[in-house]
Structures are given as C-alpha cells and as structure tokens.
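# need a structure here:
(one chain, ligands or ions: 2)
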Amino acid sequence: MKFAVVGAGAIGGLLGSRLSLAGEEVVFIARNQNLAAIQRNGFRLLLEDGSELHARQARAVQSMAEAGPQDVVLLTLKAHQVSEVLPDLRALFGPQTLLVSMINGLPWWYFQKSGGAYEGRSLESVDPGGLIASQIEAERIIGSVVYPAAELIEPGVVRLIEGNRFSLGELDASLGNPRTPRIEALSQALMRAGFKAPVSKDIRSELWVKLWGNLCFNPISALSHATLEDICRFGPTRELAAAMMAEAQTLAEKLGVTFKVSIEQRIAGAEAVGAHKTSMLQDLERGRALELEALVGSVLELGRITNTPTPHIGAIYAVTALLAQTQASLNKPR
Ligand SMILES: NC(=O)C1=CN([C@@H]2O[C@H](COP(=O)(O)OP(=O)(O)OC[C@H]3O[C@@H](n4cnc5c(N)ncnc54)[C@H](OP(=O)(O)O)[C@@H]3O)[C@@H](O)[C@H]2O)C=CC1
Ligand SMILES: CC(C)(CO)C(=O)C(=O)O
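Ligands and ions are numbered 1, 2, ... in the order given. Presented below is the predicted three-dimensional model:
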C-alpha cells in the first residue's frame, strides 16, 4: 500500500519507518532540517531495548503534489497544525484514499457520521468555522487512538519510549459494520509493521478514555512542570485530576460515551507510565504551541453544548491558556 505520513515527527516517524521496513511504499511529507535528514539518511528508529531500526528506503518530500495520490494518508500533526496543511492535502487524495487521524484530543470529525443528536456539527474549538471538515470528506476518515510515547530526538531520528498500539475505528461503526474491508486492510498493514492495530466498535469511547487523562495530566504538567508520576502521587493534584475527570465523564456520558474503566483505574494507569513528561510539558519547555484546544478547550465546548458544569476543567484551562499566551509573547521575535 502507498502511505503518506503528514507530520514526520515522533508518531509519524515511528509509523512511517516501521511501515517502510515492512515493505510498504512510504513517503514522508516533511520540511526544514527534518526533510533534509530523511532525504539524506532515511529515518532511524531507536527502540526501547536500545536496538535501532533504519528505514533507508523511506522517501521524503516537501510538496504533497510531488507525492501524489496515496492509498492511505496518516495525519500525525499536532492538532493546531492541521488547518495549515489543508491547501495542499487534497493532492494526496485519490477516489478511495483513506485519511487516518492520529492526533490527541477531540478531533474535528467527532460528530461526523455519529448518528447522534449533534450529527455533522463541527467543534469550533478545534475547527473554527468548520474549515477542516469542509476540506476532508467524512467518508475518507478513519479514527485512531495513539497509545505509544515517542520523541523526535533529532531530525530523522525517533526514540520510542514505550508502546506499540494504535486503535482504529470507522466513524459510523456503531451504526453499521465496524469491520469494513478497508479498515481490515489498514489494520493488517499496521500489524505486519509490528504494531497492535485493533479495530474498535466504538472509537469515540476509546478516544475518551485516552482524552480523560490528557485533559487533566497534560495541562497540570505544563503548569507544574511535573511528570505523570509526580502528579498522581501528590494528593492535591491527584484529587484535582479526579475532579476534572468526573466532570468530563458526566458530559461524555450525555453523548453516549461508555467508560470501561474507573477514574481511579485511569489514574493508576497514568501513574504506571512513571516519570514521563507529557507532550504538553515537552512542547512548553521547547517554546512550542500547546495542544490546549484539542485536549481541554474542546471538552469545555462540549460542556456548554450539553449544559454540564465544568468548574475544575475551566479553571485549569484558564490558567494554562494564559501560560500559553504568555509563552507565545515571550517567544515572539523582538
Ligand atoms: N509524542 C508522543 O509521545 C505522543 C503524541 N501523541 C499525539 O500525536 C500527535 C503528533 O504528535 P508528535 O508526533 O509528538 O508531534 P511532533 O511535533 O513530534 O510531530 C509533528 C510533525 O509535524 C510537522 N509539521 C507541522 N506542520 C507541518 C507542515 N505544515 N508541513 C510539514 N510538516 C509539518 C512538524 O515539523 P516541524 O518540527 O518542522 O514543526 C513535526 O515534525 C499529537 O496530536 C500528539 O499529541 C499522542 C500520544 C503520545
Ligand atoms: C504520552 C501520553 C500518554 C502521556 O499522557 C500522552 O498522550 C501525551 O503526553 O500527550
């Protein structure tokens, strides 16, 4: 299969390098030093056991028009970066091209093909004016939940910290056939590349269990510079995280989401990850934009839509948004 990886960073690099080594035809859409490094030396993947894989055959181009139509587009950008690639993205689309959204947080497509009371509604917090939804047909989209932790440690080099699972789901799985031929083929390709790629009957509920942790641990870590372990072991922040998760669970259940684990179990899972900095803290420390709207702003938006009080989430959002604003002004070229 022909794969284009749009976002040749930690997650995109992990996926693209292993797919390339498994014999798939992979092209990274990259830029700047990352583009030069991949063109010069392919993509290197450092595994948890210290071993290394080297995807020498992987191509990298800056222009999506140069890459041309693909079988699958893996969208592995940060949530706030999606809108900037829209003008060129359609060059990758053929009539049957799939787009797999491999991004943390509530996605722009959340209410597309959902069959619920909010069918087709766009989320202003992550897709202002519905621009993304207008450029990417819902029929192309496969939802995914990203579980591995990885880091782009230098251009063209990704270090895998832990994990190898990417859940997949048709957006209308709950309305019809969750195991379509196209999602089965995608799952098989990812499994041939060494990943776990289960096909979910309810990708939105699985997405929420991941988001349940991200919406609290990521902003709290950015505000405190603490790791997941620190946050879970310090009583007041453990209680704050639990309060935020309870608010989120109330509003999500109004939307038909089912949580298969308890708040305490989810917190225990985060604590088990250990002394790991969340991606939001890593972005803050590197002076990069934060995925605050996708992880927290979008949840507040759903709270308003469902008329659910979210005081703890709102308070943490306010302070983190100010932090992001302050950081942006400090990073502006003088
Ligand atoms: N890393 C992790 O451990 C985890 C990440 N996730 C999620 O996965 C998603 C991807 O995260 P991650 O891989 O860490 O992010 P990275 O920042 O490592 O990768 C994003 C890549 O996209 C590139 N990019 C951004 N805009 C463009 C553009 N217009 N044209 C070409 N390239 C572009 C960036 O290049 P440049 O550097 O030049 O900006 C960067 O290489 C996020 O939603 C994240 O929250 C989920 C679980 C864990
Ligand atoms: C790595 C992990 C799971 C920690 O919350 C994550 O999703 C993130 O950092 O964004």
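# mind checking which helix or strand Leu330 is in?
Leu330 is located in helix 311-331, with elements delineated by DSSP states H and E.
# by contact count, what packs against that helix?
Judged by 3 or more C-beta pairs under 8 Å, 6 or more residues apart in numbering; DSSP states H and E, the packing partners of helix 311-331 are helix 203-224, helix 235-254, helix 292, helix 298-305. Glycine gets a C-beta too; all of them are placed from N, C-alpha and C.
# model confidence over it, on average?
Average pLDDT, helix 311-331: 93.
# Any residue of it touching ligand 2?
No: Helix 311-331 stays clear of ligand 2 (C-beta under 6 Å from any ligand atom), getting no nearer than 13.8 Å.
# can you check stretch 211-227 too?
Yes: shown here: stretch 211-227 in contact with ligand 2 (C-beta under 6 Å from any ligand atom) through 213-214, 217-218.
# Indicate the residue of the stretch 51-200 of the chain located nearest to ligand 1.
Using C-beta to the nearest ligand atom, the single residue of the stretch 51-200 of the chain nearest to ligand 1 is Asn104, 3.3 Å away.
# Compute the number of surrounding residues for that residue.
22 (other C-beta atoms under 10 Å).
# Wait, it touches Asn214, no?
Yes: the criterion here is C-beta atoms under 8 Å, and Asn104 meets it with Asn214 at 5.6 Å.
# pLDDT weak spots in this protein?
Along the chain, segments meeting pLDDT under 70 span 334.
# just to revisit the earlier point, could you dump the helices and strands packed on helix 311-331 to JSON lines with mean neighbour count?
What follows is these, written out as JSON lines (neighbours: other C-beta atoms under 10 Å):
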{"stretch": "helix 203-224", "mean neighbour count": "23"}
{"stretch": "helix 235-254", "mean neighbour count": "18"}
{"stretch": "helix 292", "mean neighbour count": "24"}
{"stretch": "helix 298-305", "mean neighbour count": "20"}
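# Could you dump the ones you listed into TSV and include distance to Ser125?
Output for the helices and strands packed on helix 311-331, formatted as TSV (distance: least, C-beta to C-beta, whole Å):
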stretch	distance to Ser125
helix 203-224	12
helix 235-254	14
helix 292	9
helix 298-305	4
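# For the stretch 51-200 of the chain, what lies in contact range of ligand 1?
So far as C-beta under 6 Å from any ligand atom goes, the stretch 51-200 of the chain lies against ligand 1 at 76-79, 81, 84-85, 103-104, 146, 149-150, 152.
# who touches both of Asn104 and Asn214?
With contacts defined as C-beta atoms under 8 Å, 6 or more residues apart in numbering, the residues shared by Asn104 and Asn214 are Leu295.
# Indicate the residue of this protein located nearest to ligand 1.
Closest point on the chain to ligand 1, by C-beta to the nearest ligand atom, is Gly9, at 1.8 Å.
# So what's the residue count around that residue?
Counted with other C-beta under 10 Å, Gly9 comes out at 19.
# Understood, closing this out.
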